[in-house]
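Novice: The following comprises the amino acid sequence and a computationally predicted model.
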Amino acid sequence: MIWKKKSLWLSIAVLLILCGATVYVLHRELNGQDIWGTLLHADIKWFAAAVAFMLMYFVLDGLNIARCLELSGHKITFAQKLKYAFAGFFFSSITPSSTGGQPGQLYFMAKDGIKVHHGAFSLLCTLLSFQIISVTWGIVGAFFAPHGLWNLDGKYSYVFPIGFALNLAIILMLICVLFSRKMACFFACAYMKLPGKKPTKPGDRFACLRSFAGYRRAANLMRRNKSVFLKMLLNSFVEITIYFSVPFLCARALGASNLDWFSGICTQGALFLSVSSLPLPGAAGVTEYGYALFFDGLIPMNILGSALLLSRFCNFVLPLAESGIGLIILQLKQKRRRAMQ
């Protein structure tokens, strides 16, 4: 009974944090911005397409997360897929360098009874496929974006190569952790030496090694089922292509009729690769500056600011609200179902 009361209060605290963080970030993003005026001048068809694309992004992300979990023997419902996708986007958006996404997802997975090592392996595989495709689009953008990214002047000229190097390093590290036994063992030993993680009881070390063994079994399952990862890569390609198409849709919604889809997605791919690993929540500030710099000349100057605002609203502000509200609704429904059982 005491444990149930603690769990109830913890759930309430999490819901309050979700509400507070959502309201704070939305206020920070929209403060002083005439988003309603921008929406009134937007073509409803293009705007609706941008909103629909972001909803599809969540569905595809949830499908990718579930692939590895199902490979490990977990049955994942559609609601759970959405919940893990919402958690990843929400906590990535409010933490520096998107570091809170995976811990947030692991928290909700643990609440659903999914073993930590299975959840961690699934999220790392999902992140690896996401990184591979986003870096690929970034490279394509660097060569084919019409603005000429290699000729950027000023301080921003250093951002793209730094972003590329950081994302490439993440890919190499993920490959080593996921599929190299020695590297995975090294990280497991390093984890046990962290403050507060050192084994203090006779069973602590055994529990950690047992989790490591479960993680390795999941890795071996993936190695024997390579087609699963190929499906994840294909899923990520569609997911990221949809995500990178949102700025193009928003620009067309405001009348940028000369901007073609390929130019828009290449430019957004290069921009995303530049700012995605910078230590800022949602890459706030630098994303807006980079958008104005990268899309200058592709979008008419008189609507560039409005296109930036609408794009940020569709691919960050609105999805943040949707993911926060979605998490709250799904958690409340889950608690209601458990109470009725």
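Specialist: Great, that's in hand.

Novice: which residue packs closest to the most centrally placed residue in the chain, ignoring adjacent ones?
Specialist: What sits nearest the mean C-alpha location of the chain, by C-alpha atoms, centre = their mean, is residue 89, with 4.6 Å. If you skip the residues right next to it in sequence, residue 89 has residue 323 as its closest partner in space, 4.7 Å away by C-beta to C-beta, 6 or more residues apart in numbering. Any C-beta I mention is one placed from the backbone N, CA and C, and that applies to glycine too.

Novice: Next, count neighbours for the one you found.
Specialist: Around residue 323 sit 25 other residues, with neighbours defined as other C-beta atoms under 10 Å.

Novice: Let me know the helix or strand that it is in.
Specialist: Taking DSSP states H and E as the definition, one finds residue 323 inside helix 318-340.

Novice: What mean pLDDT does that helix get?
Specialist: Helix 318-340 shows a mean pLDDT of 82 in the predicted model.

Novice: re earlier: ok now do the residue nearest to residue 89, which residues does it touch?
Specialist: For residue 323, the residues meeting the contact criterion (C-beta atoms under 8 Å, 6 or more residues apart in numbering) are 58, 85, 86, 87, 89, 90, 93.

Novice: now it: how far from residue 242?
Specialist: Residue 323 sits 16 Å away from residue 242, going by C-beta to C-beta, to the nearest Å.

Novice: those helices in the protein, which residues are they?
Specialist: Residue ranges of the helices in the chain, as given by DSSP state H, are 2-30, 35-40, 44-71, 78-93, 101-111, 116-144, 159-179, 181-192, 202-224, 226-253, 261-275, 286-294, 301-312, 318-340.

Novice: and the fourth one, which residues are buried?
Specialist: The one in question is helix 78-93. 80-93 (16 or more other C-beta atoms under 10 Å).

Novice: now do the fifth one
Specialist: Within helix 101-111, the residues that qualify as buried are 101, 102, 104, 105, 106, 108, 109, 111, counting by 16+ other C-beta under 10 Å.

Novice: Mind giving me the packing neighbours of that helix?
Specialist: Using 3 or more C-beta pairs under 8 Å, 6 or more residues apart in numbering; DSSP states H and E as the contact criterion, the elements in contact with helix 101-111 are helix 78-93, helix 116-144.
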